[in-house]
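Chemist: Sequence first, predicted coordinates after that:
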Amino acid sequence: MSYGIEFVPGNINVKQVVKYVKLAESKDIDYAWITNHYNNRHCYPTLAMIAANTDSIKMGPGIMNTFTDTPAAIASFMCTLNEISDGRAVLGIGPGDLSTLPKLAIQGAKPVARLKEGVIQFRRLCAGEEIKKTGEMEFFDYDGAKLTGVTLPGKKGIPVYIGAQGPKMLELAGEIGDGSLINASNPKDFEIAIPMIKKAEEAAGKKGHDVGAYTAMSIDQSEKKARNAAKIVAAFIAAGSPPALLQRHGLDEGNVAKIKDALARFDFKAVGGLVGDAEIDAFTIAGTPDMVRQKCEDLKAAGVTQIIFGSPLGPDMTNSIRLLGKYVV
């Protein structure tokens, strides 16, 4: 089992992110994943700062997509990050946030095919190839593209983690990914996802896929404080979940509809009253160190091989990182 941690350079600035990553590194956390949202501080310079100020932790965007960034641009950045970090770069890449892309006048058509082509071209560029036009690619049929002014990562390459949720993306993750980043905190979700990944992995003749649970984490010595800190995150996840997912976790769809309505009105006091243990347990890992450790053991038993401690982490971020390092990692 390895461990990662997610930071969102939105409410915290880049220098604060670097400080928290250095603390996470001192607690033997293996990966730092930095979110990529156009409305926040950009993950690229944030990752560069992390690379320059750490020694052992691996780092990468969590996650990029091939709608807002091209495979060539991503390859150039990742090779640069890999050089700055002395070989510690990892790439998280996915289909794109379908709730964000329309705001940027992007339709998000054919996300699976586009992502597959993007990963293929990314790897070819990182291997030093000059990519000739073939007419076989729909989205990224490069014509003479080659990285010439960067240090290439060598035969090992840069590990590619696919952000996956639905069946087709999970299959793609197994087919072409070195790992996957799955937004889920509950073993029930991985009991469905992992067999899809493994089947595709076996069909592709691959081994060693790193299954990442991109959890919503909240830890504190006070169970009440930890779970209260997780309420808003659980609310947003529940509100965006399809009926099948709500049914899988035995959630009251009527109550989730009320949560969704309260969120739309920005009535967070009402949200706090509507979100109960059922929603928190379905969509987050929240509680005391003992509770969190047991839930992480449950994920491990389900087949997860990397647990990523995601937002909100807890009521006090510094304390949460220290608790995770002491009791969980």
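Modeler: Arrived safely, thanks for sending. Numbers count the residues shown, from 1 in each chain.
Chemist: Dig out what residue 306 forms beta bridges with.
Modeler: Listed beta-bridge partners, residue 306: residue 2, residue 212 (assigned using DSSP bridges).
Chemist: Pull out the buried residues from the strand or helix carrying residue 272.
Modeler: Residue 272 belongs to helix 268-274 when assigned by DSSP states H and E. Buried residues in helix 268-274, counted by 16 or more other Cβ atoms under 10 Å: 270-271, 274. Where you see a C-beta, it was placed from the backbone N, CA and C, and this is true even at glycine.
Chemist: same thing with stretch 5-15?
Modeler: 5-9, 14.
Chemist: can you tell me which residues contact residue 38?
Modeler: By Cβ atoms under 8 Å, 6 or more residues apart in numbering, residue 38 lies in contact with 68, 100, 104.
Chemist: For ChimeraX, what selects the buried ones among the residues you listed?
Modeler: Buried members of those, defined by 16+ other Cβ under 10 Å, are picked up in ChimeraX with:
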select :100
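Chemist: how close does the residue lying closest to residue 304 once chain neighbours are set aside get to residue 193?
Modeler: Leaving aside its sequence neighbours, residue 304 sits nearest to residue 213 (Cβ to Cβ, 6 or more residues apart in numbering; 4.5 Å). The gap separating residue 213 from residue 193 is 10 Å, by Cβ to Cβ, to the nearest Å.
Chemist: any residues in contact with both of those two?
Modeler: 182, 184.
Chemist: Could you check which of those two has the larger neighbour count?
Modeler: For residue 213 versus residue 193, the count of surrounding residues by other Cβ atoms under 10 Å is larger for residue 213: 29 against 26.
Chemist: hang on, the more buried one packs against residue 303?
Modeler: No - under the criterion of Cβ atoms under 8 Å, residue 213 is not in contact with residue 303, lying 9.7 Å apart.
Chemist: Give the residues shared as contacts by those two.
Modeler: Between them, residue 213 and residue 303 share these contacting residues under Cβ under 8 Å, 6+ apart: residue 190.
Chemist: just to revisit the earlier point, list the contacts of the residue nearest to residue 304.
Modeler: The contact partners of residue 213, by Cβ under 8 Å, 6+ apart, come to 182, 184-185, 190, 299, 304, 306-308.
Chemist: Filter those down to the ones in strands?
Modeler: Counting by DSSP state E, the part of the contacts of residue 213 found in strands is 182, 306-308.
Chemist: ranking these by neighbours, who comes first?
Modeler: Comparing those by number of neighbours (other Cβ under 10 Å), residue 307 comes first, having 29 neighbours.
Chemist: how about JSON lines for the contacts of residue 213, with pLDDT and distance to residue 117 added?
Modeler: Output for the contacts of residue 213, formatted as JSON lines (pLDDT from 0 to 100; distance: Cβ to Cβ, whole Å):
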{"residue": "182", "pLDDT": "96", "distance to residue 117": "22"}
{"residue": "184", "pLDDT": "95", "distance to residue 117": "26"}
{"residue": "185", "pLDDT": "96", "distance to residue 117": "31"}
{"residue": "190", "pLDDT": "97", "distance to residue 117": "28"}
{"residue": "299", "pLDDT": "98", "distance to residue 117": "32"}
{"residue": "304", "pLDDT": "98", "distance to residue 117": "28"}
{"residue": "306", "pLDDT": "98", "distance to residue 117": "26"}
{"residue": "307", "pLDDT": "98", "distance to residue 117": "30"}
{"residue": "308", "pLDDT": "98", "distance to residue 117": "26"}
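Chemist: Closest to residue 198 out of the residues you listed?
Modeler: residue 190 (11.3 Å; Cβ to Cβ).
Chemist: residues near the closest one, how many?
Modeler: A count of neighbours around residue 190, defined by other Cβ under 10 Å, yields 21.
Chemist: quick thing: my sequence starts at 55, can you match it?
Modeler: New numbering, starting at 55: the last item is residue 244.
Chemist: ok, it - contacts?
Modeler: Contacts of residue 244 (Cβ under 8 Å, 6+ apart): 236, 238, 265, 267, 353, 356-358.
Chemist: and if you look at residue 129?
Modeler: When contacts are counted by Cβ under 8 Å, 6+ apart, residue 129 touches 175-176, 179-180, 201.
Chemist: Centre of the chain to the one helix or strand it maps to, how far?
Modeler: Per DSSP H and E: residue 129 is located in helix 125-138. When distances are taken as Cα atoms, centre = their mean, to the nearest Å, helix 125-138 is centred 18 Å away from the chain's centroid.
Chemist: could you dump it to PDB, C-alpha only?
Modeler: Written as PDB, here are the backbone C-alpha positions of helix 125-138 (Å, rounded to 0.1, in the frame of the first residue of the first chain):
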ATOM      1  CA  PRO A 125      -0.800  16.000 -25.300                       C
ATOM      2  CA  ALA A 126       2.200  18.000 -26.500                       C
ATOM      3  CA  ALA A 127       1.700  20.700 -23.900                       C
ATOM      4  CA  ILE A 128       1.300  18.100 -21.200                       C
ATOM      5  CA  ALA A 129       4.300  16.200 -22.300                       C
ATOM      6  CA  SER A 130       6.500  19.400 -22.300                       C
ATOM      7  CA  PHE A 131       5.400  20.300 -18.800                       C
ATOM      8  CA  MET A 132       5.700  16.700 -17.400                       C
ATOM      9  CA  CYS A 133       9.200  16.200 -18.700                       C
ATOM     10  CA  THR A 134      10.200  19.600 -17.200                       C
ATOM     11  CA  LEU A 135       8.600  18.600 -13.900                       C
ATOM     12  CA  ASN A 136      10.400  15.300 -14.000                       C
ATOM     13  CA  GLU A 137      13.700  17.100 -14.600                       C
ATOM     14  CA  ILE A 138      13.200  19.500 -11.700                       C
END
